[in-house]
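no FASTA, just this:
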């Protein structure tokens, strides 16, 4: 029997894999949230987090604590459209009504957080460690005037951006390489090597979307990438200069970190499904 549950939990997982319990069912939930009211995903002792309100909602359904693990840890102000989390719930309750974990949770959650879908997974499934790839998108509001409606959904950029130059620079990031130049101080990763599978930069009216898919990300990696690409787009930096920045691996000479409120965690990939596929679209 596989058992490496952390922190001595014997019935439910808390960051690791739960000791096998015939009365429990591990489930994966895809959630959407507005990052503005929260101090990120991770539980904080002195500030409200998405993890905290999700676990409180599940406690009201289960009658006891249900620790949750997420595919990624978003910072304060960062949003999610398809964050994948796992937890262990009552097997009998799950068999009676899987949908209760969507509608039941939503009835106990603030309007800024919603469960969009749920499925059962194996007892050793782990939202973070089993994740094969993650997708973030960054939204820019490219117009001379700010938006009254989109203020906290995009980074307002009143200057014209040359998207072709930005795409040329972004191509330098594809593949496996050391991204120390995009790594924020305080990053706890053991190394800065990551693999970026794709980057797209598209405009739809005033909205400019930069989408990045990778095996994993460093602390503030996407926001630092966007800050540098915007420098290229406004002519402050050249595509060749950005390539050299990556090669030199020196964050201190890079562009500013883009604001948190333009960033969205938008998908997580696993061996047999992806988070966005669990969304109930009716």
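Thanks, I have the structure now. From a predicted model like this one, the values you see are computed outputs, not experimental measurements.

And the pLDDT for residue 17?
At residue 17, the predicted lDDT confidence score is 50.

nope, residue 81 is what I was after
97.

What pairs with the helix or strand it falls within, parallel or antiparallel?
With the criterion set as DSSP states H and E, the secondary-structure element containing residue 81 is strand 79-90. With DSSP bridges as the criterion, the sheet partners recorded for strand 79-90 are strand 24-33 (antiparallel), strand 69-70 (antiparallel), strand 263-269 (parallel).

how far away is residue 175 from residue 194?
Here the distance between residue 175 and residue 194 works out to 10 Å (C-beta to C-beta, to the nearest Å). The C-beta positions use only the backbone N, C-alpha and C, and glycine is treated the same way.

My guess is residue 34 contacts residue 110. True?
No: using C-beta atoms under 8 Å, residue 34 and residue 110 do not qualify as a contacting pair, with a distance of 9.2 Å.

And the two? Which one has more around it.
Each of residue 34 and residue 110 has its neighbours counted (other C-beta atoms under 10 Å); residue 34 has more, 18 against 14.

can you pull the contacts of the more buried one?
Residues touching residue 34, when contacts are defined by C-beta atoms under 8 Å, 6 or more residues apart in numbering, comprise 79, 112, 113, 152.

hang on, residue 22 in a helix?
No: residue assignment for residue 22, taken from DSSP: H, G, I helix; E, B strand; the rest coil, gives coil, which places it outside any helix.

residue ranges of the strands in the stretch 151-282 of the chain, please?
Assigned strands in the stretch 151-282 of the chain, in chain order: 155-156, 175-178, 193-204, 207-214, 263-269 (criterion: DSSP state E, counting those that start in this stretch).

Residue 66 is nearest to which of these?
Comparison of the strands of the stretch 151-282 of the chain against residue 66 by C-beta to C-beta identifies strand 263-269 as nearest, at 19.6 Å.

taking the mean pLDDT, what do you get for the closest one?
The average pLDDT within strand 263-269 is 98.
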